[in-house]
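1. next come a sequence and a model predicted from it.
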Amino acid sequence: KAGVTQTPRYLIKTRGQQVTLSCSPISGHRSVSWYQQTPGQGLQFLFEYFSETQRNKGNFPGRFSGRQFSNSRSEMNVSTLELGDSALYLCASSLSGRATDTQYFGPGTRLTVL
Amino acid sequence: DQQVKQNSPSLSVQEGRISILNCDYTNSMFDYFLWYKKYPAEGPTFLISISSIKDKNEDGRFTVFLNKSAKHLSLHIVPSQPGDSAVYFCAAIPTDSWGKFQFGAGTQVVVTP
């Protein structure tokens, strides 16, 4: 079956702009999580959605937001971009988001903020 | 606040030898632990997991050990192969938490011929 897809794969923005990233989970998966990966920091949890509801949120400012649609596709938005937002943004899908469900990651969106 | 720590950013090992990757955690609520492998330009892929009710789990060449009292886990790869060259992340989560996995910073493993 098709894996997790993320679009776009690469993005260049300037400070102050906003950006929207998209994630399509594996068919049948209802949980989508978002992570930010920066050098030396590993993957930092942003938020998790299940059935269009945000169930968990990481320690990121309110400039980072997300949503999930009825078909489980998810988007994350970052407003008023800062240089420090440059990172690889990964989404992962799983059946229900339980700890024991295997998470499948997409290839990520590389965001560069100039 | 980094609750999961991988203190070795890199590891070089000869083909055929054992690779040992270490991970420490601080949150006593974590009771499920995972290892992921990541190649460049790809997302992480699940490797192996362990529940806190166990102290060892094996899957082929990969074995994860958990020492709850020390809040420490390790991943052993035996024997190491060139295709194992990748970044390895450990992750942890309380089993009653939804999707909020905490990841370490990763260890770059290079397997040399």
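-> Yes, it's here.

2. need the contact partners of the lowest-mean-pLDDT helix or strand in chain B.
-> Least confident helix or strand of chain B, by mean pLDDT, DSSP states H and E, is strand B:102-103 with a mean of 93. Residues outside strand B:102-103 that contact it (Cβ atoms under 8 Å, 6 or more residues apart in numbering or on different chains) are A:35, A:42-45, B:3-4, B:25, B:27, B:30, B:36, B:89-93. C-betas here are computed from N, CA, C, even on glycine.

3. let's see 6 Å
-> Contacts with strand B:102-103, where a contact means Cβ atoms under 6 Å, 6 or more residues apart in numbering or on different chains, come from A:42-43, B:3-4, B:89, B:91-92.

4. so which of the residues you listed sits lowest on pLDDT?
-> For the contacts of strand B:102-103, the weakest pLDDT value sits at A:Gly42, with 84.

5. relative to chain B, how far out is that one?
-> Distance of A:Gly42 to chain B, given as Cβ to the nearest Cβ, to the nearest Å: 4 Å.

6. bridged to residue 75, which residues?
-> No chain specified, so I'll use chain A. Beta bridges link A:Glu75 to A:Ser22, A:Arg67, judged by DSSP bridges.

7. can you look at chain B instead?
-> B:Leu21, B:Val64.

8. the residue positioned nearest the centre of chain A: helix or strand, and which one exactly?
-> In chain A, the residue lying closest to the centroid (Cα atoms, centre = their mean) is A:Trp34, at 3.2 Å. Applying DSSP states H and E as the criterion places A:Trp34 in strand A:31-38.

9. what residues of that strand count as buried?
-> A:31-37 (16 or more other Cβ atoms under 10 Å in any protein chain shown).

10. next: stretch B:61-70.
-> Within stretch B:61-70, the residues scored as buried using 16+ other Cβ under 10 Å are B:62-66.

11. tell me which parts of chain B are close to chain A?
-> Residues of chain B found near chain A (Cβ under 6 Å from any Cβ of the partner chain) are B:32, B:42-44, B:46, B:93, B:95, B:98-100, B:103-106.

12. what's the farthest-apart pair in the residues you listed?
-> Spatially, the most separated pair among the residues of chain B next to chain A is B:Glu42 and B:Thr95, at 27.5 Å (Cβ to Cβ).

13. and the next helix or strand past the strand holding A:Trp34?
-> Taking DSSP H and E, what comes next after strand A:31-38 is strand A:42-50.

14. not counting sequence-adjacent ones, nearest residue to residue 26?
-> Picking chain A for this. Leaving aside its sequence neighbours, A:Ile26 sits nearest to A:Ser93 (Cβ to Cβ, 6 or more residues apart in numbering or on different chains; 5.2 Å).

15. actually it's chain B I care about, not the one you picked
-> Using Cβ to Cβ, 6+ apart, the closest residue to B:Thr26 is B:Gln3 (5.1 Å).

16. quick check: the one you found touching B:Asn27?
-> Yes. B:Gln3 lies in contact with B:Asn27 (Cβ atoms under 6 Å); the separation is 4.6 Å.

17. partners of A:Thr53 in the sheet?
-> Under the criterion used (DSSP bridges), A:Thr53 bridges to A:Phe50.

18. the residue nearest to A:Ile26: neighbouring residues, count only.
-> Neighbours of A:Ser93 under the rule other Cβ atoms under 10 Å in any protein chain shown: 29.

19. what's the angle from the helix or strand where it lies to strand A:42-50?
-> A:Ser93 belongs to strand A:87-94 when assigned by DSSP H and E. Put simply, strand A:87-94 runs at 40 degrees to strand A:42-50, going by axes from the mean of the first three to the mean of the last three Cα atoms, to 10 degrees.
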